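> Sequence first, then the predicted structure:
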Amino acid sequence: MTSLTLLWLPILLSAVFVFIVSSVIHMALPIHKGDFRGTPNEDGLRKALRAANIPPGQYMFPHANSFKEAMSPEMTKKFDEGPVGILIMRPNGMMKMGGALTTWFIYCLLVGLFVAYLTGLAVAPGGESVFRISATVALLGHAFTSINESIWKSVSWGVTAKFIGDGIAYALVTGATFAWLWPAAV
């Protein structure tokens, strides 16, 4: 077993390296350029949404308050007529990238903390398999979280596959960082 206090540097540096790799993937490479599409008649849609005065939040339409209501003939008709969708409303104005990037970095630190905890339980200082275990744990934290978006929110499986690819890169970076900085045997 390896104490978390011995692993503060790989936790921190893996988060920094993942942050850098994600910045390159999202800013320098065109991989995610087509993840979102515009809507037909965007101006009309924006006007209708603005008139509805929907506060920031996550919405589903048609919406039922219970399973029983969802199975009613009225709701079935609404689903059949469409449209059916999920709407995420954000506050007006440009996205505040500083806050989003800070939260992303904190998430990377959190993944690194769990990688350190689980790898530390399995591998003693100077032990083997650090890369394999730490990369696998990081893979769970970075790559598979987007699958839920395709299952439950109909996000394109192609978009999800790209995010899984990103997560594989982040897991490899994390595993390499932990293997490089793993404490020697005492």
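Great, that's in hand.
> show me where the chain has strands.
Ranges of strands within the chain are 57-61, 85-89, based on DSSP state E.
> May I see the ones you listed organised as a markdown table, with mean neighbour count, mean pLDDT and distance to A143 added?
All C-beta spots, glycine's among them, are computed from the backbone N, C-alpha and C. What follows is these, written out as a markdown table (neighbours: other C-beta atoms under 10 Å; pLDDT from 0 to 100; distance: least, C-beta to C-beta, whole Å):
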| stretch | mean neighbour count | mean pLDDT | distance to A143 |
| --- | --- | --- | --- |
| strand 57-61 | 11 | 94 | 23 |
| strand 85-89 | 11 | 93 | 22 |
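> Quick one: the ones you listed as JSON lines, columns for distance to W180 too.
Output for these, formatted as JSON lines (distance: least, C-beta to C-beta, whole Å):
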{"stretch": "strand 57-61", "distance to W180": "40"}
{"stretch": "strand 85-89", "distance to W180": "39"}
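> Take stretch 156-171, keep the C-alpha atoms, and write them as CSV.
What follows is stretch 156-171 as a C-alpha-only set of coordinates in CSV (Å, rounded to 0.1, in the frame of the first residue of the first chain):
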residue,chain,number,x,y,z
SER,A,156,-24.6,11.1,-31.2
TRP,A,157,-22.6,8.0,-30.6
GLY,A,158,-20.0,9.5,-33.0
VAL,A,159,-19.5,12.5,-30.6
THR,A,160,-19.4,10.1,-27.6
ALA,A,161,-16.7,8.0,-29.5
LYS,A,162,-14.6,11.2,-29.8
PHE,A,163,-14.9,11.9,-26.1
ILE,A,164,-13.9,8.3,-25.3
GLY,A,165,-10.9,8.8,-27.5
ASP,A,166,-10.1,12.0,-25.6
GLY,A,167,-10.5,10.0,-22.3
ILE,A,168,-8.1,7.3,-23.6
ALA,A,169,-5.5,10.0,-24.2
TYR,A,170,-6.0,11.4,-20.7
ALA,A,171,-5.8,8.0,-19.2
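> how is this structure carved up into domains?
With domains defined by automatic domain parsing, the chain comprises 4-36+95-181, 42-89.
> and among those, the most buried is which?
domain 4-36+95-181 (a mean of 17; mean count of other C-beta atoms under 10 Å).
> quick one: terminal-to-terminal distance for it?
Distance between the two ends of domain 4-36+95-181: 13 Å, counting by C-alpha to C-alpha, to the nearest Å.
> What's the mean pLDDT across that domain?
Average pLDDT, domain 4-36+95-181: 96.
> now swap in stretch 64-81 and tell me
In this model, stretch 64-81 carries a mean pLDDT of 94.
> Quick one: end-to-end length of stretch 136-155, please.
Start-to-end span of stretch 136-155 (C-alpha to C-alpha) is 25 Å.
> Nothing else from me, thank you.
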